[in-house]
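A.B. asks: Provided below for reference: sequence and predicted model.
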Amino acid sequence: YTIVFNVFVLMQIFNEVNSRKIHNEWNVFSGIHKNFLFLFIVIGTLVAQVALIEMKGLNIAFGCTSLTADQWVISMILGLSVLPINLLFRLVPSSIFPGST
């Protein structure tokens, strides 16, 4: 279950990046380096996630087991998948939905 938990958290982290831009702005990374609070939160969450899974006492307390390098790569790829999925969603015109303006 650790890999499922890890993928879920990584998807949430990368979805935070997606959530920075609204109103059909395409580049979710533009200006990211200027928002230090956002970077602090995202990097802090990522560091906490790695610690939760890899630190021996901490991972046992949370019911996690350490992941292999391959499992981390798979987790990152699945977590990053929310970025291109968001781009696909932006290609769908809102006019096809009833009640949209």
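C.D. replies: On my side now, so go ahead.
A.B. asks: buried set for the lengthiest helix in the chain?
C.D. replies: Taking DSSP state H as the criterion, the chain has its longest helix at helix 36-54. Residues of helix 36-54 classed as buried by neighbour count (16 or more other Cβ atoms under 10 Å): Val42, Gln49, Leu52, Ile53. Where C-beta positions appear, they are placed from N, C-alpha and C, glycine not excepted.
A.B. asks: The residue most central in space within the chain and Val4: what is the separation?
C.D. replies: In the chain, the centroid-proximal residue (Cα atoms, centre = their mean) is Phe14; its distance is 2.3 Å. For Phe14, the distance to Val4 (Cβ to Cβ, to the nearest Å) stands at 16 Å.
A.B. asks: Kindly report the same for Ile41.
C.D. replies: Counting by Cβ to Cβ - Ile41 and Val4 are separated by 23 Å.
A.B. asks: Low-confidence regions, the protein specifically.
C.D. replies: 101 (pLDDT under 70).
A.B. asks: Helices of that one, start to end?
C.D. replies: According to DSSP H, the helices that the chain contains are 2-18, 36-54, 56-61, 69-80, 82-91.
A.B. asks: which residues are in contact with the first one?
C.D. replies: Looking back up the chat, that one is helix 2-18. Helix 2-18 is contacted by residues 28-29, 32, 38, 41-42, 45-46, 49, 53, 59, 64-65, 67, 71-72, 74-76, 78-83, 86 when judged by Cβ atoms under 8 Å, 6 or more residues apart in numbering.
A.B. asks: Alpha carbons of that helix, in CSV - could you do that?
C.D. replies: Taking C-alpha atoms only, helix 2-18 is exported to CSV below (Å, rounded to 0.1, in the frame of the first residue of the first chain):
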residue,chain,number,x,y,z
THR,A,2,3.0,2.3,0.4
ILE,A,3,3.4,2.8,-3.4
VAL,A,4,-0.4,3.7,-3.7
PHE,A,5,0.0,6.2,-0.9
ASN,A,6,3.1,7.6,-2.4
VAL,A,7,1.6,8.0,-5.9
PHE,A,8,-1.5,9.7,-4.3
VAL,A,9,0.6,12.2,-2.5
LEU,A,10,2.8,12.9,-5.5
MET,A,11,-0.3,13.5,-7.7
GLN,A,12,-1.5,16.0,-5.1
ILE,A,13,1.8,17.8,-5.1
PHE,A,14,1.9,18.1,-8.9
ASN,A,15,-1.8,19.0,-8.9
GLU,A,16,-0.8,22.0,-6.7
VAL,A,17,1.4,23.1,-9.6
ASN,A,18,-1.5,22.7,-12.0
